[in-house]
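In: no FASTA, just this:
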DNA sequence: GATGAATGAGTTTTCATTCAT
DNA sequence: AATGAATGAAAACTCATTCAT
């Protein structure tokens, strides 16, 4: 999925372990978590972590990219099943929520945004969402004034970590919230929305990042 | 609103400045932000900050309490207007969202929960929300299977910081999201929710805290 | 001598101690010496050192500036005594060598050069040296083809640390070397120099830095 | 020139590359430079470097020995041409300066001195220099009070790295400095030297090491 | 024999907290 | 009471050295 030179088998395994540990700890404790703790949970030395990811930002960036990849796969998968436009969004959100534990998309500020891979993923996600929205509108099952940015906002909200809740409880709350939200997306009797949709240029490169979940504890 | 001994005028002003600066920075950078930075933004010396708040937890706790106070005021205000059950939730969320910039309710772990003031506020909020829900159900404008915990989840989602978006953009996204969500709360044609409501004991002391917005950046 | 806001008395004292310790250790062990060691020799905590000098370069830069200041004072002092052109250079080198223990002028690369204070000092030194040279030439006691850059080179050579020699031995070697060199500067029977003088633009901002002494041990 | 067991062709090539890279980097950045950087500039893996040189000291020692070898060859070569005592020193310094880029003779502390090869080289160099001095004095072209230690000091000064200057500029400055110095060695009108010559026992095992050039940057 | 990945101790740097001014 | 300087413990980061491939 990356275009880097192939790593030795053990190096690749360590890399994966580091990313998995980082994802967990970022969700549990925020991206300010001690990198040594990540290394320890991954079962590697601190030096190994730094060899793969020269600084905290590089590690965050990769975790974010992986998360965007998961989201894109879910979106494209939903797009392929558009024969059933009414159920497409339901399946999309369900899939994303199912994988929420692998999503750490902190608003990491500038560094993340500079990365062309991130921008490419964001665009691809927006494209897929717009395709889904168009099909839903055409089928008359979606209100017209909802944008891809709204969907991303909803997904971001549903996927943010709730580390102090048991996994099942957090997931139940997210699923229930999204079920209500999706019910609200149906066009019947929809009142006008209270604020104009931010244009893509308003949201610009920002919104996709908002899909991120934010963390931090003390 | 608190019952502390009166402070000298300048001391009070410093205290307010510190809390405002802490709120901003907690939302922008997480509760792990350097306390020196808070002191600097507040325009006071580090020593002054420590005089008012003996440690980080005390500062977080006060910011959280202030946030809960805002939420409770909004909920009680909505409860008083229950003559119009259909509009009560709309007004409630609108008020909370309007004041989202003053809400920093991080899951600060144990310390916050120990504080009787926090628990009292949480209970009061739950009571008000249940009152609103009961009225709405009675008026037939709300689906029956929604709980106070669901509402708290929705509010938490809508109020989390989006520091990389312009203030208006973030607010527009939150308002639009909640508008759809509230529309989805109408009972007509509502499909069953996909997960059973976490019971208060499932959520226990946790959910109220989830009303907090989480933070952290790099 | 600096234009910074006045420091508290204790802070100033610590600052001076840090600079003195840094100078000693830079000369003994090179500018790569552990900053903790500098803090320890200065009798302050590591944090104090970092408060005054945010990174190694800032500390090196200040020590370099102080060294340039010493050199400039010696040069201007010599310039004032130009009534005796024959002895001016002798007194200049003698003064600089006397203070060699306070001179740590490592080639610290870009950072130092960017500093306007450094450049100003370099220019002032060059001006003074050119004045001395002009007077010496006019008096017929100096060969014509020697430049200020040559003098700086000679001073740099004489002042470099020789930490493995007793102080007196190192100073004796430097004094003897410069005495021979100065004898060689007299115009009688001087053979042409074997390489054309680097023009100021060749040497540019570099030569003055060469006045620095280089260090390093293992 | 060494009596080590023969290496495979590629191993020998790697060894040479490592020494050349080490020499360059020691001069540029000091002997504290990261060994990984040396391996990288040599185009070999870290493991290969360690196979050849078990630790940093072993590598430094060999570079130093190679440098002393160059100096000794220059001195013995000058000694052979003593038919022209007046030009002998000129040729000697010119040769050493020509090869200054290959000279890295850091005061590596104890370890170097323990090596019998280093001590042997130092003695041989002193012998040759004393031979040259004796011939020059006998021919009346050299002042009497100059010692071999003085010459070593001069050579050390002229050969120290000036990594921030272009190679030609640094060499020009060194050649010009030594030309003046050598002119200053003529006995005519020489004023007494300002400090007594350090006796060999004062300088002891130290001076020869001072032939080394010192390094370190930030 | 060469490679470069992993390790962990050492160094740098930050920052919560205390305290002299 | 306010300030900001000093401290030192903790976290980030580097790099010499070892070792599996």
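Out: Thanks, I have it. These figures come from a predicted structure and were not determined experimentally.
In: ok, stretch A:26-34 near DNA strand E or not?
Out: No - Stretch A:26-34 stays out of contact with DNA strand E when judged by CB under 7 Å from any atom of the strand, the minimum separation being 8.7 Å. Using the backbone N, CA and C atoms, a C-beta is placed for each residue, glycine as well.
In: buried residues in that stretch?
Out: A:26-33 (16 or more other CB atoms under 10 Å in any protein chain shown).
In: out of those residues, who's nearest DNA strand E?
Out: Proximity of the buried residues of stretch A:26-34 to DNA strand E (CB to the nearest atom of the strand) peaks at residue A:32, which lies at 8.7 Å.
In: what's the distance between the closest residue to that closest one other than its chain neighbours and DNA strand F?
Out: Setting aside the residues directly before and after it, residue A:32 is nearest to residue B:32 in space (CB to CB, 6 or more residues apart in numbering or on different chains), at 4.5 Å. Using CB to the nearest atom of the strand, to the nearest Å, we find residue B:32 at a distance of 10 Å from DNA strand F.
In: quick one: secondary structure of residue A:125?
Out: In three-state terms, and counting by DSSP: H, G, I helix; E, B strand; the rest coil, residue A:125 is helix.
In: tally up the residues packed near it, please.
Out: For residue A:125, the neighbour count with other CB atoms under 10 Å in any protein chain shown is 24.
In: next one: the one 5 residues further on
Out: Applying the criterion other CB under 10 Å, we find 14 residues in the vicinity of residue A:130.
In: right, and it touches residue A:148 too?
Out: Yes - taking CB atoms under 8 Å as the definition, residue A:130 is a contact partner of residue A:148 at 5.2 Å.
In: once you drop chain neighbours, what's closest to residue A:48?
Out: Nearest to residue A:48 is residue A:14, by CB to CB, 6+ apart, at 5.7 Å.
In: for that neighbour, give me the pLDDT.
Out: With respect to pLDDT, residue A:14 scores 94.
In: return the distance of it relative to residue A:54.
Out: Noted for residue A:14: a distance of 15 Å to residue A:54, by CB to CB, to the nearest Å.
In: residues near residue A:189, how many?
Out: That count, for residue A:189 with other CB under 10 Å as the rule, works out to 10.
In: in which helix or strand would I find residue A:152?
Out: Under the criterion of DSSP states H and E, residue A:152 resides in helix A:148-159.
In: C-terminal to that helix, what's the next element?
Out: helix A:167-184.
In: and that following helix, does that touch chain B?
Out: Yes - contact of helix A:167-184 with chain B (CB under 8 Å from any CB of the partner chain) involves A:169, A:171-177, A:179-184.
In: neighbour-wise, give me the winner out of those residues.
Out: Busiest of the residues of helix A:167-184 next to chain B [other CB under 10 Å] is residue A:173, holding 28 neighbours.
In: what about that residue, distance to chain C?
Out: 44 Å (CB to the nearest CB, to the nearest Å).
In: ditto for residue A:127
Out: Applying CB to the nearest CB to residue A:127 and chain C gives a distance of 45 Å.
In: picking up where we left off before, what mean pLDDT does the helix holding residue A:152 get?
Out: 90.
In: can you report how many residues lie near the residue of chain A found nearest DNA strand E?
Out: Residue of chain A nearest DNA strand E, by CB to the nearest atom of the strand: residue A:47 (1.8 Å). The number of residues packed near residue A:47 is 9, by other CB under 10 Å.
In: ditto for the one 10 residues further on
Out: Other residues within reach of residue A:57 by the criterion other CB under 10 Å amount to 18.
In: just name the shakiest helix or strand of chain A by mean pLDDT.
Out: helix A:207-210 (a mean of 38; mean pLDDT, DSSP states H and E).
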